[in-house]
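Engineer: Any chance you can model this:
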Amino acid sequence: MLAGHIVLKVFAGFVVSLGTLGGLGILGAIAPLAMAVALTALEFLVAFLQAFVFAILTCVYLNDALHTHH
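Structural biologist: Got it, this is the predicted structure:
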């Protein structure tokens, strides 16, 4: 989880650094900005998938705890 946040901070730093260079820098900042948006979408997908997996695991464990098989 930490790696995704670090990569987002790196691309956000690229956007800020290139944005301070003027007009040409702002044009150059479009690619890192698009990458940061794409990585943010990927982070949301990973968060949803983790929540789904842990919810299923919790349901399975609760089912096993409540319905013991002898």
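Engineer: buried set for the host helix or strand of Phe11?
Structural biologist: Using DSSP states H and E, the secondary-structure element containing Phe11 is helix 2-19. The neighbour-count criterion (16 or more other CB atoms under 10 Å) identifies Leu8, Phe11, Phe14, Val15, Leu18 as the buried residues of helix 2-19. All C-beta atoms are positioned from the backbone trio N, CA, C, and that covers glycine.
Engineer: and if you look at stretch 32-43?
Structural biologist: Within stretch 32-43, the residues that count as buried by 16+ other CB under 10 Å are Pro32, Leu33, Met35, Ala36, Leu39.
Engineer: Just put the buried residues of helix 2-19 in a markdown table and tack on pLDDT and distance to Leu45.
Structural biologist: Rendered in a markdown table, the data for those read as follows (pLDDT from 0 to 100; distance: CB to CB, whole Å):
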| residue | pLDDT | distance to Leu45 |
| --- | --- | --- |
| Leu8 | 89 | 14 |
| Phe11 | 90 | 17 |
| Phe14 | 90 | 22 |
| Val15 | 91 | 22 |
| Leu18 | 90 | 27 |
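Engineer: Relative to Gly4, how far out is Ile26?
Structural biologist: Per CB to CB, to the nearest Å, Ile26 is found 26 Å from Gly4.
Engineer: cool, and Leu27?
Structural biologist: The span separating Leu27 from Gly4 equals 27 Å under the rule CB to CB.
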